[in-house]
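**Student:** when you get a sec, could you give me coordinates for this:
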Amino acid sequence: MDIPTERKLYDSASAYYRGADILMKQSSSAATSHLLAQPAVTCAALSLKLYLKCLLNLEGKDKEDKIYRIAELFRSLSEGKKMAILKKFDEFSNAELSTDELQSHLASLDNAFVRWRYIHEEDARNVNLEDLEEMILATKATINASNPDWGE
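**Tutor:** Alright, predicted model coming up:
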C-alpha cells in the first residue's frame, strides 16, 4: 500500500515534534538550557515546516516541493486554512493575533533549520519556544480537523 505524501509529511512532522517536546521539557533546567535550546528549536521549526507542507499538499499546492520558508508556506495556504490556524493559535496561546502578526512570528523562524542546526552558529535561547509550540499545535489541530484518523 502506497502511503500518500501528505501522510508521510504529517508523520515526519509528528516525529520531529515529539523530539522537540522532549528537548523543550529538558531545556527548562538552567543547567542544560543552553545546550538543549538549539536542538529543540531546530526540531520544532522543522516540525512546523512539515506540518505546513502537509496542509499545502492536502490543498493540492506545493506538490513540487518548491516552498521552503515557513512564512511563505503559511502565506501559500488558502484563506480558510490560514484563519483556522490563527483561530487554533489564539486558543492555544490565549492571545488574539492578526494574520499579519502571526506571519511575522512565522517569518522569524524562516530558515531555522539552517541557522540553528549547529550550537556554535547562533544562540537559539532568544526563540520563544512556547510560541513555537503553540504554532505547531495550532497547525497540527487544523490538519486533524479534516483528518481525525491521523491523530496520535
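**Student:** spatially central residue in the chain, please.
**Tutor:** With distances taken as CA atoms, centre = their mean, the residue of the chain nearest its centroid is Leu48 (1.5 Å).
**Student:** please name the nearest non-neighbouring residue to Glu72.
**Tutor:** Asp110 (7.7 Å; CB to CB, 6 or more residues apart in numbering). Bear in mind the C-beta positions are built from the backbone N, C-alpha and C, glycine included.
**Student:** the one you found in helix, strand or coil?
**Tutor:** Of the three states, Asp110 takes coil under DSSP: H, G, I helix; E, B strand; the rest coil.
**Student:** on that earlier part again, and the residue nearest to the centre of the chain, what does it touch?
**Tutor:** For Leu48, the contact set (CB atoms under 8 Å, 6 or more residues apart in numbering) comprises 13, 70, 109, 132, 135-136, 139.
**Student:** thinking again about what came up before, hmm, Arg69 and the residue nearest to Glu72 touching each other?
**Tutor:** Yes. Applying CB atoms under 8 Å, one finds Asp110 in contact with Arg69, separated by 4.3 Å.
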